[in-house]
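# I'll drop the sequence and a predicted model, then ask my questions.
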Amino acid sequence: MARSVFATRGYRTTSMDMIAEAAGVSKPVLYQHFDSKQDLYLALIDASASLLDSRLAEALELTKDPQEQVRATYRAYFDFVVSHREEFVIIFNSDVYEPKAEEKLRALRERSAARVVTALQHFARLGDDEARLLCRALIGTAEVVVKQIDSQRGVDVDSAVALLTQMSWGGLQSFAQR
């Protein structure tokens, strides 16, 4: 219930009273489990990040074929956005400016980027800086498409995955030929 309230109302405008009411419990019951609204929110960030983390890791481990890894990673990311909407909002559309929350979200982004960098370096002879730059380009592209998917519910995820895979793979292949 807390996840839904935070995802709908945002961190700043959500109160423990609202969460307790939505969960059908008293506020003291919430405080038996969490010391503060921030602690509850940080726990939700951890759970959401862990779910996304595991989905991305599974996608990259699914196969050793680099093209299929590209496709599977886009698929995992977009499926997460669509199927785990509240978790997505908490991770990527959060209105929180709490240093601990920002630190957790930054760590998630760094873990995800590190996985992609490693996959890129297994595929092509790329230096660390080159692999990080390509990684940021791929992630940035995915984030732009996610905003499109998020704002226009009619965007077909299958088509988005196919288009981005084709575009990304077309460019990435040139690095394997170095």
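Received it, and whenever you're ready, just let me know what you need.
# going forward, measure contacts and count neighbours with C-alpha atoms only.
OK.
# Quick check: phi and psi at the residue positioned nearest the centre of the chain.
By C-alpha atoms, centre = their mean, the chain has its centre lying nearest to Leu52, at 5.4 Å. When read as degrees, to the nearest 10, the backbone of Leu52 gives phi -60, psi -40.
# State the distance from the residue nearest to it when sequence neighbours are not counted to Ser50.
Nearest residue to Leu52, sequence neighbours excluded (C-alpha to C-alpha, 6 or more residues apart in numbering): Phe80, at 6.8 Å. Distance, Phe80 to Ser50, using C-alpha to C-alpha, to the nearest Å: 12 Å.
# Neighbour count: the two, which is higher?
When neighbours are counted by other C-alpha atoms under 10 Å, Phe80 comes out ahead of the other of Phe80 and Ser50, with 18 against 13.
# Pretty sure the more buried one sits against Glu86.
No - between Phe80 and Glu86 there is no contact under C-alpha atoms under 8 Å: 9.9 Å.
# and Met167, helix, strand or coil?
Using DSSP: H, G, I helix; E, B strand; the rest coil, the structure places Met167 in helix.
# How many residues are close by it?
11.
# again with Phe175
14.
# Touching, the residue nearest to the centre of the chain and Asp79? I think so.
No - if you go by C-alpha under 8 Å, Leu52 and Asp79 don't touch, sitting 10.0 Å apart.
# pLDDT wise, what is the closest residue to Lys37 other than its chain neighbours at?
Excluding its sequence neighbours, the residue lying closest to Lys37 (C-alpha to C-alpha, 6+ apart) is Met16, at 6.3 Å. On pLDDT, Met16 comes in at 95.
# I'd guessed Met16 sits against Lys27; true?
Yes - Met16 lies in contact with Lys27 (C-alpha under 8 Å); the separation is 6.5 Å.
# quick one, which of the two is more surrounded?
Regarding Met16 and Lys27, a neighbour count based on other C-alpha under 10 Å identifies Met16 as having more, with 19 against 16.
# Now do the contacts for the more buried one.
27, 30, 37 (C-alpha atoms under 8 Å, 6 or more residues apart in numbering).
# Quick check, the last one in contact with Asp17.
Yep, that's Lys37 we're talking about. No - counting by C-alpha under 8 Å, Lys37 stays clear of Asp17, with 10.1 Å between them.
# Those two: which has the busier surroundings?
When neighbours are counted by other C-alpha under 10 Å, Lys37 comes out ahead of the other of Lys37 and Asp17, with 18 against 14.
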